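[1] based on what follows, work out the 3D shape:
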Amino acid sequence: MITEGGNDPQVAGLVYVAAGAPNSGESFNDWWKGYAPMPGVAEIKPYGNDGYVAFTQLGVRQVVQDLPEEEADLIYAVQGPIAARCFDDKISTAAWHTKPSWHIVASEDRMIPPALESDSAKRMKATTLTLASSHVPVLSQPDKVADFILEAVTTLNAKSHADETQAAAR
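    Numbering: from 1, shown residues only. As a prediction, the model looks like this:
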């Protein structure tokens, strides 16, 4: 979502947290072709008969392996299904081509291949932080994620201030 939604003119920068980053013209499924599927992917199953999918309980436990089992089970219980077709929807314009980007790579991710996260961060020329985390560092290491987001905001604010100063000097 951030890859396309980041094109809004009010968006100054993008912060990816163990997330997919397809390029323009790519779908999520296109993006991760060529990388070995992670264990969590096999645990995404049909949810009803209307084209939606969701994680099995085992799948949730596999992709949030650094959280207590009780928390994993809560995530399983409250997850919302996603339309399966979303994985094939193509990005029209990847915002990371024109917006500064930051990317947290989860080195223990069992949903998105960590090598793919890292390769994407390099392709995006993103400021990168690697955390020994599952797919959900926002839950397992919230302080580190928050600090990284604040770093991005601070960087963007400093750039904005410098741009305003240069404009006023002209």
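
[2] where exactly do the strands run in the chain?
    Secondary structure of the chain, counting by DSSP state E: strands at 14-17, 44-46, 52-55, 82-83, 101-106, 127-131.

[3] can you tell me which of those strands is packed in deepest?
    When those are scored by mean count of other C-beta atoms under 10 Å, the highest mean neighbour count falls to strand 101-106 (a mean of 25). No exception for glycine: its C-beta is placed from N, CA and C like everyone else's.

[4] helices or strands next to the helix-or-strand element of the chain with minimal mean pLDDT in the packing?
    Ranked by mean pLDDT, DSSP states H and E, the weakest helix or strand in the chain is helix 142-169, scoring a mean of 85. Contact partners of helix 142-169 among helices and strands, from 3 or more C-beta pairs under 8 Å, 6 or more residues apart in numbering; DSSP states H and E: strand 14-17, strand 101-106, strand 127-131, helix 137-140.

[5] nearest to residue 95, out of those?
    strand 14-17 (6.0 Å; C-beta to C-beta).

[6] how about low-confidence regions in the protein?
    Residues of the chain meeting the criterion pLDDT under 70: 161-164, 166-170.
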